[in-house]
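Peer 1: fold the following.
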Amino acid sequence: MNNRTGSFLWNLRQFSSLVPSGRTVRLYPLGFCRRQIVYLNWNQRSLLNNFGNRMQSSIRCLFQNALIFKSGGDDFQTKGISTATVFTVDRPLCSRRLSFDSNHPLAADNGLKKNFQHKASKEDVLTKGTKPARISCSTLSQECNSLSDVLDIFSKAPRFPSSNYFSAMWIVAKRMSSDQKRFEKQLMFNHPVFSQLCEQAMREAKIMHYDDLLFSLHAIVKLGIPQNTLLVQTLLRVVQERINECDEKCLSVLSTVLEAMEPCKNVDVLRAGFRMLVDQQVWKIERVFTLQTVMKCIGKDAPVGLKRKLEMKALKELDQFSVLNSQHMFKVLAAMNHRSIILLNECSKTVTSNIHGCPFKILISILQSCRDLRYFNIDLLKGIADYVTTTFDIWKLKQVLFLLILFESFGFRPVGLMDLFMKKAADESGSLNVKNLVCILYVYSSLNHVYKCQTHRFLEIMATALTGSLHHISSENLLNVVCSFCLLNHFPLALINQLFQKDTISDLLTSGDVEKHVLKLCTVTACLKLDDAPYPKNIDLVLPEPPSTVLCPNAKVAKVLSSLLGEGCFSKSVQLPHNYYIDFEIRMDTNRSQVLPFSEVDVVTSDTDIQRVAILCIPKSAYCLDSTHPKGNLALKMRHLKAMGFRVILVHNWEMEKLDMKDAVMLLKTKIYSTEALAPADKNLQSTC
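Peer 2: Model prediction:
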């Protein structure tokens, strides 16, 4: 009796060293057992602050309705379970904390059994136990046609792990239409065992495999379970605590999970830990798909050093890139907001050489990403445009329009494609709604594209289609289409009359971007007064003063003009009517053989004896990409300056910066004293048949 009492007290002292004072271990009757792997070389430091929680020096194994501890060289076992062999390690098995609850005592005095000891070999590092049959996620998703079917199977025989049930429901949901999915989700929330499944997921979180945990969280988020629920926040915390268990597969899943979640405290902490983990493991990533998924997830606000490290890893794996990897890299870099020219150039070559058969969504994604990254690759843009032009008949009209809108954002003018689209849009105008028509006119006016006599027919059809929908057009859209027509030197009277109604003007001057509306109204009134428009010239419209433009003429051009003509023979920053200004103005005789000083102009008896010359200093952005074709605003300004009696000379800023003083003087001298009637770019001005 004394020996039994002494043995009991000795075991009790050993147990008290494991359990914190005042707390006892809570047992969860999960009805399953699981083999426990002992990591012999567990020496990684925790990535997150909450990983510093105190861990007891013990090994935990879940068996049927029991919890087993083994510490030091002694053994402790609860009643009703079979013998198990567990090895002692100096460090915690993994960063999983034990749950304690005073309402569940560990064992009664009469439940203690006699101690036993086993002599095991060093190779036996796994806990032995019988594992019940698991239910497969793929099997569930194949057998079930609704989310409720999955929950019904769970209610009959709940099996480990719960992640398979959530993943199966997400797979089933993906096969449904939007309306059906919405209805099925409501049935899921109201199902009597749904809360039980959620509770089991929370209980299993700390013991299931890490990839199962991540798949479970991913499916839960995708199923639309609110992110602020206890279930989601619990899983987020456990994912944080166990993040050191993340391998390459788990990195990919965790990236997808973070990408699908809204910012919150736990998500932000997890994202920070994820970035630190990626920084440590980036060189160990083997699969290009995983690398791209990780790069896409780290976010635009990630440290520049981490972005560059991922870029170097991608460049190192460039030989392993498939065509799909190259196509996907544009979106990945845009998600990172990292403009890697070398990587983009290499991927552009692959995309261009394999452009045939490229899906529409991929083309759109590439162009949108290049636009966001401000990456202008003329070979890539021409390759996409030529491919769509060659296969024009297989594309829908609205698909081509979407591509043209993106091309316009680059200032790129695909001539052949725009000519084909102009013909097809004129023939199928009935299939276009008001929004489509507004976008078409904007693209063509912005890029200043005309196509022989087809332009007049095209614009007439567009105007007729819009006139038929006049009462359905908002004031802002009406202003946009009239401004586009004016840029293209076309004046549909019905639309113009509606625009200048008092109600329309009042609406434009009191709502939306008023400053932008004023500028466009000024453009329209200038066109009606200066162009050959079939509209009364005495437009009674009082507009607010447009914002003043900061006039900064090119300093080098001013220096060249001073050297070439002398002071007093030119004027800088000249303000003209209709909110136009020119960088420099000079005045010459009609034969263009002599520049007249401004002091002598008053002596000339008639305006017909002098010619006013406007010198415009033009940046590259005023032209279409990789060409000297003027965009709509520049073409309009040149047209109106000509109407006001000016001869226009265009000076390219980027060319002047490259020239030395002598060559710059020679260039301007040639332009000023040229005998040509118009500047070379004037041939690009709009003209309709």
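Peer 1: tell me who's in contact with Ile153.
Peer 2: 135, 140, 143-144, 165 (C-beta atoms under 8 Å, 6 or more residues apart in numbering). For glycine as for every other residue, the C-beta is placed from the backbone atoms N, C-alpha and C.
Peer 1: from those residues, which is closest to Ser348?
Peer 2: Among the contacts of Ile153, Leu140 lies closest to Ser348 (C-beta to C-beta), at 43.4 Å.
Peer 1: just the element for that closest one, please.
Peer 2: Element membership of Leu140 [criterion: DSSP states H and E] is helix 137-143.
Peer 1: just Leu650 next, same as before
Peer 2: If you go by DSSP H and E, Leu650 is part of strand 646-652.
Peer 1: now Ala219
Peer 2: For Ala219, the element it lies in under DSSP H and E is helix 210-222.
Peer 1: what do you get for Cys198?
Peer 2: Under the criterion of DSSP H and E, Cys198 resides in helix 194-204.
Peer 1: now the angle from that helix to helix 210-222?
Peer 2: Helix 194-204 runs at 150 degrees relative to helix 210-222, counting by axes from the mean of the first three to the mean of the last three C-alpha atoms, to 10 degrees.
Peer 1: so what secondary structure elements neighbour helix 194-204?
Peer 2: Counting contacts by 3 or more C-beta pairs under 8 Å, 6 or more residues apart in numbering; DSSP states H and E, helix 194-204 is packed against helix 147-156, helix 163-174, helix 230-241.
Peer 1: nearest to Val443, out of those helices?
Peer 2: Among the helices and strands packed on helix 194-204, helix 163-174 comes nearest to Val443, with 36.0 Å by C-beta to C-beta.
Peer 1: returning to that earlier point: is it possible to export the contacts of Ile153 to JSON lines including distance to Val415 and neighbour count?
Peer 2: Output for the contacts of Ile153, formatted as JSON lines (distance: C-beta to C-beta, whole Å; neighbours: other C-beta atoms under 10 Å):
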{"residue": "Ile135", "distance to Val415": "61", "neighbour count": "18"}
{"residue": "Leu140", "distance to Val415": "56", "neighbour count": "20"}
{"residue": "Glu143", "distance to Val415": "57", "neighbour count": "14"}
{"residue": "Cys144", "distance to Val415": "55", "neighbour count": "19"}
{"residue": "Tyr165", "distance to Val415": "57", "neighbour count": "26"}
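Peer 1: including distance to Phe154 and pLDDT, could the residues you listed go into TSV?
Peer 2: TSV is the format used below for these (distance: C-beta to C-beta, whole Å; pLDDT from 0 to 100):
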residue	distance to Phe154	pLDDT
Ile135	9	72
Leu140	9	87
Glu143	12	88
Cys144	11	91
Tyr165	5	93
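Peer 1: mind picking the two most distant members of those residues?
Peer 2: Longest distance between any two of the contacts of Ile153 is 12.2 Å, between Glu143 and Tyr165; criterion C-beta to C-beta.
Peer 1: how about the helices in the stretch 551-689 of the chain?
Peer 2: For the stretch 551-689 of the chain, the helices defined by DSSP state H, counting those that start in this stretch occupy 555-565, 632-643, 653-658, 661-672.
Peer 1: pLDDT weak spots in the stretch 101-250 of the chain?
Peer 2: Along the stretch 101-250 of the chain, segments meeting pLDDT under 70 span 101-134.
Peer 1: meant to ask about the chain, not that
Peer 2: Low-confidence segments of the chain, defined by pLDDT under 70: 1-134, 536-540, 547-550, 599-608, 675-689.
Peer 1: outline the domain layout of it.
Peer 2: For the chain, the structural domains run 1-132, 555-684, going by automatic domain parsing.
Peer 1: and the shortest one, how far out from the chain middle?
Peer 2: Spelled out, it's domain 555-684. In terms of C-alpha atoms, centre = their mean, to the nearest Å, the centre of domain 555-684 is found 43 Å from the chain centre.
Peer 1: what do you get for stretch 239-247?
Peer 2: Distance, centroid of stretch 239-247 to centroid of chain: 27 Å (C-alpha atoms, centre = their mean).
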